[in-house]
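[1] Any chance you can model this:
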Amino acid sequence: MFAASSTTHANLPEIGTAGASALTIEKEIQYGKAFSVMARGGLPVVYDPVLVEYITDLGHTLVAHADSVKFPFNFFLIQDNEINAAAFFGGYVKIHTGLFLYADNESQLASVVAHEIAHVTQRHLARMMEAQSRSNPATLAAMAGSLLLALVSPEAGLAMLQTSIAANMQANINYTRTHEFEADRIGIQTLSQSGFDPREMAGFFGKLSAQYRYSSKPPQMLLTHPLPETRVAESRNRAAQFPSKKISPSLSYQLAKARIEARYSNMSGNTSLSFFNNQIKNKDYKLEAAALYGKSLALIQIEKYSEAEKIIDELLAQSPRNLFYIDTKTDLDIAQNRHQQAIDRLSILYREMPNNSVVVINLINTYMEKKDYEKALVVLDKFLRQQPDNALAWSMAIKVNQGLGNLGKAYQARAEYLALHGDYRKAIDELTSAGVETNNNLDRARIEARIEQFKQAQAALDELRS
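    Residues are numbered from 1 along each chain as shown. Below you'll find the predicted structure:
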């Protein structure tokens with residue numbers, strides 16, 4: 001195994017400070033944070049705690065085995081049936097739910113994520129901007145703004161980008177193709193080192209290429225990640241340098257895929273039920289438990305709670321700490337007004353896993369549904385201190401404080417939620433309202449300081465957008 005890794009390392013490019021003269025690491029992080037704000041404000045981000053935890057765990061597993069990692073990575077899901085993913089400055093990686101619908105197994109999904117991680121670690125955007133800045137008078141900030149907008153609003157952003165670098169477009173296309181091959185090579189190495197099957201990158205590429213070879217409307221991924229036959233062949237040859245791996249199907253991946261199929265693929269409840277019933281009848285699944293889980297979600301959609309609960313209880317008996325099952329069991333308890341039963345179960349898990357977002361969000365939500373806002377606030381305040389950028393938690397904080405009659409705190413929570421989505425002007429209005437509701441001088445001073453922070457953030461975002 002180590003010999004194969006050494007051979008692969010020898011063929012990899014030296015990265016060092018590539019792109020550093022055009023864009024510092026600090027600037028990349030700044031642009032990355034701006035992108036995360038624009039993404040939350042302009043894209044259908046999935047805040048489902050179970051899926052967020054799954055994609056975060058997968059991404060961080062890959063990052064832990066990647067080379068040249070210079071900053072923390074952030075992975076988030078977009079509800080979009082298009083097959084696509086994209087990386088941006090500062091380690092921000094967006095993944096479309098359509099990838100789950102298309103990938104056959106976890107290694108195929110991981111191959112796409114590993115490819116995007118390589119784009120970041122190799123600083124491909126910074127290197128492209130460096131090359132463009134040598135021959136074009138457009139500022140680096142203007143190009144960064146175009147790239148940022150391209151990832152949030154592809155048509156508008158790519159039009160801006162084309163205008164700013166049209167003089168050297170062909171060189172840019174060639175440079176991008178070089179990046180794609182480089183990201184494949186490094187991504188395959190990361191895949192293998194992370195315990196995934198490196199051959200599945202070529203498997204995914206081959207499937208994508210064959211299915212859309214003669215299509216008049218290829219998926220976004222083939223537009224943003226060109227896939228010539230040479231790229232498929234090279235990824236296959238490079239993967240062959242690594243030891244063959246026999247990997248069992250991942251239950252977590254198959255459950256995440258079933259959850260996306262049932263809840264985020266635009267199928268109706270009845271269509272979803274037929275879909276999973278056919279899988280079970282024909283044994284057309286990787287793991288039966290995942291097909292049954294998908295069926296339970298479909299049954300919940302059409303309010304057949306007793307049938308769904310029978311499935312979930314059997315699955316929980318096999319795996320009592322599985323967070324996918326626990327989350328769905330909580331949904332069933334809430335739907336049938338069994339709030340205390342859910343709270344008792346979740347409270348045990350909360351004592352064992354106080355920082356687990358799935359457990360925490362479910363517990364807060366159950367307290368809210370029971371209208372026990374005081375207990376919800378205790379758990380929520382602690383969670384927000386640990387995860388101040390959690391938009392879902394801030395949206396819950398609005399409702400909890402409204403339920404308690406804490407109007408000033410509700411205004412502040414809404415301000416934080418709006419700021420996370422890039423709407424700083426409305427956030428400032430909310431904080432102004434919070435100041436009116438606040439009698440405590442210290443709290444008022446904190447609100448005023450936060451308003452100044454939002455004003456600065458708005459100015460920085462306006463400059464980048466322009």
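[2] Need the per-residue pLDDT for the residue positioned nearest the centre of the chain.
    Taking C-alpha atoms, centre = their mean as the criterion, residue 76 is the residue nearest the geometric centre of the chain, at 1.2 Å. pLDDT, the model's per-residue confidence, is 94 for residue 76.
[3] can you confirm it is in a helix?
    No. Going by DSSP: H, G, I helix; E, B strand; the rest coil, the assignment for residue 76 is strand, not a helix.
[4] how close does it sit to residue 67?
    As judged by C-beta to C-beta, to the nearest Å, residue 76 and residue 67 stand 23 Å apart. In this view, the C-beta of every residue, glycine as well, is placed from N, C-alpha and C.
[5] again, but for residue 391
    Separation of residue 391 from residue 67 (C-beta to C-beta): 32 Å.
[6] Could you check which of those two has the larger neighbour count?
    Neighbours were counted for residue 391 and for residue 67 using other C-beta atoms under 10 Å; residue 391 has more, 17 against 14.
[7] Could I get the full set of helices for the stretch 201-350 of the chain?
    Taking DSSP state H, counting those that start in this stretch as the test, the helices found in the stretch 201-350 of the chain are 220-224, 229-239, 251-263, 269-282, 288-301, 305-318, 323-335, 339-352.
[8] Touching the third one from outside, list them.
    This points to helix 251-263. Applying C-beta atoms under 8 Å, 6 or more residues apart in numbering, the contact partners of helix 251-263 are 48, 50-51, 54-55, 57-58, 97, 100-101, 103, 105-106, 109, 267, 272, 275-276, 285-287, 289-291, 293-294, 297-298, 301, 319, 322, 324.
[9] Check the last one too.
    Judged by C-beta under 8 Å, 6+ apart, the contacts made with helix 339-352 from elsewhere in the structure are 321, 326, 329-330, 333-334, 356, 359-360, 362-363, 366-367, 369-370, 379.
[10] who's in contact with residue 307?
    When contacts are counted by C-beta under 8 Å, 6+ apart, residue 307 touches residue 299.
[11] returning to what we had before: list the contacts for the residue nearest to the centre of the chain?
    Contacts for residue 76 (C-beta under 8 Å, 6+ apart) come out as 36, 39, 45-46, 52, 55, 92-95.
[12] Same question for residue 297.
    Residue 297 makes contact with 258-259, 262-263, 272, 308, 328 under the criterion C-beta under 8 Å, 6+ apart.
[13] With residue 376 instead?
    For residue 376, the set of contacting residues under the criterion of C-beta under 8 Å, 6+ apart consists of 364, 367-368, 396, 400.
[14] how is the protein carved up into domains?
    2-239, 268-332 (automatic domain parsing).
[15] Any idea which of those gets closest to residue 383?
    Across the domains of the chain, the minimum distance to residue 383, taken as C-beta to C-beta, is reached by domain 2-239, at 11.0 Å.
[16] low pLDDT regions in the protein?
    Segments of the chain classed as low confidence (criterion: pLDDT under 70) are 1-22, 129-177, 210-228, 465-466.
[17] could you pull out the strands for it?
    74-78, 85-88, 92-96 (DSSP state E).
[18] now for the shortest one, which elements pack on it?
    In terms of contacts (3 or more C-beta pairs under 8 Å, 6 or more residues apart in numbering; DSSP states H and E), strand 85-88 is packed against helix 25-42, strand 92-96, helix 106-121, helix 140-152.
[19] so which of those comes closest to residue 248?
    Proximity of these to residue 248 was assessed by C-beta to C-beta; the nearest stretch is helix 106-121, lying at 10.0 Å.
[20] Does residue 128 touch residue 179 like I think?
    Yes. At 7.3 Å, residue 128 counts as touching residue 179 under the criterion of C-beta atoms under 8 Å.
[21] between those two, who's got more neighbours?
    The residue with more neighbours, out of residue 128 and residue 179 and counting by other C-beta under 10 Å, is residue 128; that gives 21 against 18.
[22] and the gap between residue 254 and residue 271?
    From residue 254 to residue 271 the distance is 20 Å (C-beta to C-beta).
[23] buried residues in stretch 428-437?
    Judged by neighbour count using 16 or more other C-beta atoms under 10 Å, the buried positions of stretch 428-437 are 428-431, 433-435, 437.
[24] closest to residue 312 among those?
    Here the nearest of the buried residues of stretch 428-437 to residue 312, counting by C-beta to C-beta, is residue 430; it sits at 39.2 Å.
[25] Now for the nearest residue to that closest one once chain neighbours are set aside, how many residues are close by?
    Closest residue to residue 430 in three dimensions, ignoring its sequence neighbours and counting by C-beta to C-beta, 6 or more residues apart in numbering: residue 415, at 3.8 Å. The tally of other residues near residue 415 (other C-beta under 10 Å) stands at 27.
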